[in-house]
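K.L.:
Predicted model, plus sequence, below.
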Amino acid sequence: MAENLHGLGIDVTIVEMADQVMAPIDIEMASIVHNHIGDLGVTLILKDGVKSFADGGKTVVLSSGKTVSTDLIIFAVGVRPENQLAKAAGLAIGARGGIVTDHRMTTSDPDIYAVGDATEITDYVSGGKTMIALAGPANKQARIVADALCGNEDRYEGALGTSVAKVFDLTVAATGMNEKALKAANLPYRALHTHPGSHAGYYPGAETISMKLLFHPETGAIYGAQAVGGEGGCKRIDVIATAIYAKLKVTDLADLDLAYAPPYSSAKDPVNMLGYYGENILAGLDETYQWHEVAGLAAEGAYFLDVREPVEFELGALPGAVNVPLGSIRERIAELPKDKTIHVYCLSGIRSHAALRILVQNGFTVKNLDGGYKTWQCLYAVCEPTVSTKIDDSGAMKAESVKEEKKAMNQPDAILKVDACGLQCPGPIVQLYKAMKDMKEGQVLEITATDPGFLKDIGSWAAKTGNTLISANLLDKVVTAKLQKGVGDFAKNKDVAVTETKNGTTIVVFSQDLDKAIAAFIIASGAASMGKKVSLFFTFWGLNILRKPKRVKVKKTFIERMFGFMMPRGVNKLPISNMNMAGMGPMMIKGIMKKKNVDSLQTLMASAREMGVKIIACAMSMDIMGIKQEELIDGIEIAGVATYLGDTTEANHNLFI
């Protein structure tokens, strides 16, 4: 409904009480859908429900207190089995209201059968009971009953819940168990993510398909798979569904002989690539870490190595990451630490796998980010918005499409046109960079690309390189963008250029108290979320917040060692300002925070860094207190008061904690 109404030019808002849309897929896969919905100008409100209605139904009041003005309300809140007849007949009903059936679709009464959405059936993967409201299983069940009525014995072995949906320009498909179901069933599993093209990249029109596969970490048995992206995702999910029914293992996927021609696939089909990746993991050739582990690793001071090209690194990176392109890694290998685990990553995990193999063979301990930066950034990367959400005078939320506003402007003609269709990231950005390098200040370029992430990348790239994004729009899966080199007349006349305003926040953190540290990072994250440039300046006792939790061997004087012994080492040892009670107070605070689903200080710190908050350790205080740079978590800037005062000149308020 949202897609069709949006296609008619109507402003649409989707309100979803859960933290994601498309429940059959996991949240990192659903985040691709969330970003796509936002890119198209549809407002998506997650983790908020409808509380009431006002103004005769023209205002929707949400649980959070926000309001949405509307002319039409459509309820699409799920389904439940219509089982009244079954209940009246005294048939057995499952916990979720489904009519209990056996392998012949017989109910608890041997003379009564049940098929379709209202039945409780067997989950083919787990063997447990499930309910699947899909037409495919219903039709198969009906044939089983027809056979039974004719005296033929047949069995319904269960369903995988294989499904596909068109969500605007995306195909969303899934089969088998997702990660949420595996956790609920307490089953051991490994996950892997890939981002292949729908067909050969050199053939026009290739689109990215983001894929996720779940399998048993020892046997390699396949639990399920998900695909989000361009055309061809449904085909791959169907192949994997067949593999699950045939009880193939993840390693068997590499051997499947699948149809290939450049307009339809690659010589190594995306399904084959899942098999190769699974082989590497089971053989111990690729030790991985997951997207949701990044924040915790960052808080612990993990070493992140980005092996992408510098132009990609400029668009965004993991917190505190060091950039050494794959092509330079052998020449620069002496720069890398052997005394800690290197957490390597690239865009999708392919280049970083090559880097991992090089480094492991040279004596390094290395883990590869599963799915690469592309998987992580869907949830955490801060990008230039293509759609903004504003609050009107009545407090109601309204989505305004930035790209539509810019399309309406009187745009200058492009002197150069670049066709980057079919190229996957970073291909379009690289082509843009090369083309604009030879252009003169003020000249305009038009670029087209089919990589869906390009719509967001283009805004970030223009802002970081000092160029002007005139317009960017998505039509029929093609992104078309116009850019002006530098900040020329168009930007000045149309108010596109960034204006000089004091919109920063500076916070001096003097205290080492846990509660004050939490407050500092909550305020910093809140300010960053409002678009402010935030600097946290840690001095004297506040430096203990930035210390690593484990002792680091560094050369110190006797007094410096005494200082280090007496001071808390990292966030886990911080006291609280009141009711510390010999350490009981902080434990109580942490327990209450966990119970109330409030992020821990480690998570708050990682989140702030991901949002671009600058964290500065006072060099003078470090010297006085005997704290060495090696003792601080990674990604911290060491600077003096001059740096802090420089940031305050761009701030419209300053706090002292």
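P.N.:
Arrived safely. Nothing here was measured: the structure is a model prediction, and the numbers come from that model.

K.L.:
For the stretch 1-150 of the chain, give me the ranges with low pLDDT.
P.N.:
By pLDDT under 70, the stretch 1-150 of the chain contains no weakly predicted segment.

K.L.:
Helices of that one, residue ranges please.
P.N.:
Taking DSSP state H, counting those that start in this stretch as the criterion, the stretch 1-150 of the chain contains helices spanning 2-7, 27-39, 84-88, 135-149.

K.L.:
For the closest residue to residue 141 other than its chain neighbours, grab the count of nearby residues.
P.N.:
Of all residues not flanking residue 141 in the chain, residue 115 sits nearest, at 3.9 Å (C-beta to C-beta, 6 or more residues apart in numbering). Yep, even glycine has a C-beta here, placed from its N, CA and C like the rest. Per other C-beta atoms under 10 Å, the neighbour tally for residue 115 reads 21.

K.L.:
Do you know the pLDDT at residue 580?
P.N.:
For residue 580, the model assigns a pLDDT of 67.

K.L.:
To clarify, my last question referred to residue 406.
P.N.:
At residue 406, the model reports a pLDDT of 40.

K.L.:
In this structure, what helix or strand scores lowest on average pLDDT?
P.N.:
strand 387-391 (a mean of 36; mean pLDDT, DSSP states H and E).

K.L.:
hang on, the earlier thing: so which of the helices of the stretch 1-150 of the chain is the most packed in?
P.N.:
Greatest average neighbour count among these goes to helix 27-39 (a mean of 22), per mean count of other C-beta atoms under 10 Å.

K.L.:
so what does that one touch, helix or strand wise?
P.N.:
strand 43-46, strand 163-167, strand 170-176, strand 209-215, strand 222-229, helix 372-380, helix 454-465 (3 or more C-beta pairs under 8 Å, 6 or more residues apart in numbering; DSSP states H and E).

K.L.:
Name the helix or strand for the residue of the chain lying at maximal distance from its centre, please.
P.N.:
In the chain, the residue that sits farthest from the middle, by C-alpha atoms, centre = their mean, is residue 151; the gap is 52.4 Å. With secondary structure defined by DSSP states H and E, residue 151 is part of neither a helix nor a strand.

K.L.:
any idea how far residue 588 lies from residue 594?
P.N.:
Distance, residue 588 to residue 594, by C-beta to C-beta, to the nearest Å: 11 Å.

K.L.:
which residues does the residue lying closest to residue 134 once chain neighbours are set aside contact?
P.N.:
Here the nearest residue to residue 134 in space, its sequence neighbours aside, is residue 163; by C-beta to C-beta, 6+ apart that works out to 6.1 Å. Neighbour list for residue 163: 24, 134, 173, 174, 175 [criterion: C-beta atoms under 8 Å, 6 or more residues apart in numbering].

K.L.:
Report the separation between residue 163 and residue 287.
P.N.:
33 Å.

K.L.:
can you check residue 521 too?
P.N.:
Taken as C-beta to C-beta, the span from residue 521 to residue 287 is 31 Å.

K.L.:
Who has more neighbours out of these two?
P.N.:
Using other C-beta under 10 Å, the more surrounded residue of residue 521 and residue 287 is residue 521, with 25 against 14.

K.L.:
which residues sit in contact with the more buried one?
P.N.:
536, 601, 604, 605, 607, 608.

K.L.:
repeat that with 6 Å
P.N.:
604, 605, 608 (C-beta atoms under 6 Å, 6 or more residues apart in numbering).

K.L.:
burial measure for the first one, as a count.
P.N.:
Put plainly, it is residue 604. A count of neighbours around residue 604, defined by other C-beta under 10 Å, yields 23.

K.L.:
if we can go back for a sec, most packed of the helices and strands packed on helix 27-39?
P.N.:
Sort those by mean neighbour count, taking mean count of other C-beta under 10 Å, and strand 222-229 sits at the top with a mean of 28.

K.L.:
could you point out which element follows it?
P.N.:
For strand 222-229, the following helix or strand on the C-terminal side (DSSP H and E) is helix 233-245.

K.L.:
what element comes up after that following helix heading to the C-terminus?
P.N.:
helix 270-282.

K.L.:
Return the alpha-carbon coordinates of that next one using CSV.
P.N.:
Only the C-alpha atoms of helix 270-282 are listed here, as CSV (Å, rounded to 0.1, in the frame of the first residue of the first chain):
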residue,chain,number,x,y,z
PRO,A,270,26.2,-15.9,-5.8
VAL,A,271,25.0,-19.2,-4.5
ASN,A,272,28.4,-20.8,-5.3
MET,A,273,30.1,-17.9,-3.6
LEU,A,274,28.1,-18.6,-0.4
GLY,A,275,29.5,-22.2,-0.6
TYR,A,276,33.1,-21.0,-1.1
TYR,A,277,32.7,-18.7,1.9
GLY,A,278,31.2,-21.4,4.0
GLU,A,279,34.1,-23.7,3.1
ASN,A,280,36.6,-21.1,4.2
ILE,A,281,34.9,-20.7,7.6
LEU,A,282,34.5,-24.4,8.3
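
K.L.:
Give me the helices and strands touching that helix, please.
P.N.:
Helices and strands touching helix 270-282, by 3 or more C-beta pairs under 6 Å, 6 or more residues apart in numbering; DSSP states H and E, are helix 233-245.

K.L.:
about what we covered before: ok, now how distant is the residue farthest from the centre of the chain from residue 132?
P.N.:
28 Å.

K.L.:
so where is the chain shaky, pLDDT-wise?
P.N.:
381-410, 425, 452, 488-502, 530-531, 580, 582-583, 595-598.

K.L.:
residues in contact with the residue farthest from the centre of the chain?
P.N.:
For residue 151, the contact set (C-beta under 6 Å, 6+ apart) is empty.

K.L.:
Output the helices of the stretch 1-150 of the chain as CSV; include the columns distance to residue 528.
P.N.:
Converted to CSV, the helices of the stretch 1-150 of the chain look like this (distance: least, C-beta to C-beta, whole Å):
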stretch, distance to residue 528
helix 2-7, 30
helix 27-39, 19
helix 84-88, 53
helix 135-149, 46
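
K.L.:
about what we covered before: can you list the helices and strands packed on helix 27-39 in CSV and add distance to residue 640?
P.N.:
Shown next, in CSV, are the helices and strands packed on helix 27-39 (distance: least, C-beta to C-beta, whole Å):
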stretch, distance to residue 640
strand 43-46, 42
strand 163-167, 51
strand 170-176, 49
strand 209-215, 45
strand 222-229, 47
helix 372-380, 31
helix 454-465, 26
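
K.L.:
what's the closest of the ones you listed to residue 525?
P.N.:
helix 372-380 (12.5 Å; C-beta to C-beta).

K.L.:
on contacts alone, who are the packing partners of that closest one?
P.N.:
helix 27-39.

K.L.:
Centre of the chain to the helix it packs on, how far?
P.N.:
Relative to its chain's centre, helix 27-39 lies at 8 Å (C-alpha atoms, centre = their mean, to the nearest Å).

K.L.:
Then stretch 577-589?
P.N.:
For stretch 577-589, the distance from its own C-alpha centre to the chain's C-alpha centre is 35 Å (C-alpha atoms, centre = their mean).

K.L.:
can you give me the end-to-end distance of it?
P.N.:
Length of stretch 577-589, first residue to last, C-alpha to C-alpha, to the nearest Å: 12 Å.

K.L.:
could I get stretch 89-107 in PDB with only the CA atoms?
P.N.:
C-alpha atoms of stretch 89-107 as PDB (Å, rounded to 0.1, in the frame of the first residue of the first chain):
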ATOM      1  CA  ALA A  89     -15.900 -28.800  16.700                       C
ATOM      2  CA  GLY A  90     -13.700 -29.500  19.700                       C
ATOM      3  CA  LEU A  91     -10.500 -29.800  17.700                       C
ATOM      4  CA  ALA A  92      -7.000 -29.400  19.300                       C
ATOM      5  CA  ILE A  93      -5.700 -25.800  19.000                       C
ATOM      6  CA  GLY A  94      -2.000 -24.800  19.300                       C
ATOM      7  CA  ALA A  95      -0.500 -22.100  21.500                       C
ATOM      8  CA  ARG A  96      -0.700 -19.500  18.800                       C
ATOM      9  CA  GLY A  97      -4.300 -20.400  17.800                       C
ATOM     10  CA  GLY A  98      -3.500 -22.700  14.900                       C
ATOM     11  CA  ILE A  99      -5.400 -25.900  14.300                       C
ATOM     12  CA  VAL A 100      -3.100 -28.800  15.200                       C
ATOM     13  CA  THR A 101      -2.500 -31.200  12.300                       C
ATOM     14  CA  ASP A 102      -0.300 -34.300  11.600                       C
ATOM     15  CA  HIS A 103       1.800 -35.300   8.500                       C
ATOM     16  CA  ARG A 104      -1.500 -36.200   6.600                       C
ATOM     17  CA  MET A 105      -3.100 -32.800   7.600                       C
ATOM     18  CA  THR A 106      -5.500 -34.700   9.900                       C
ATOM     19  CA  THR A 107      -6.700 -32.800  12.900                       C
END
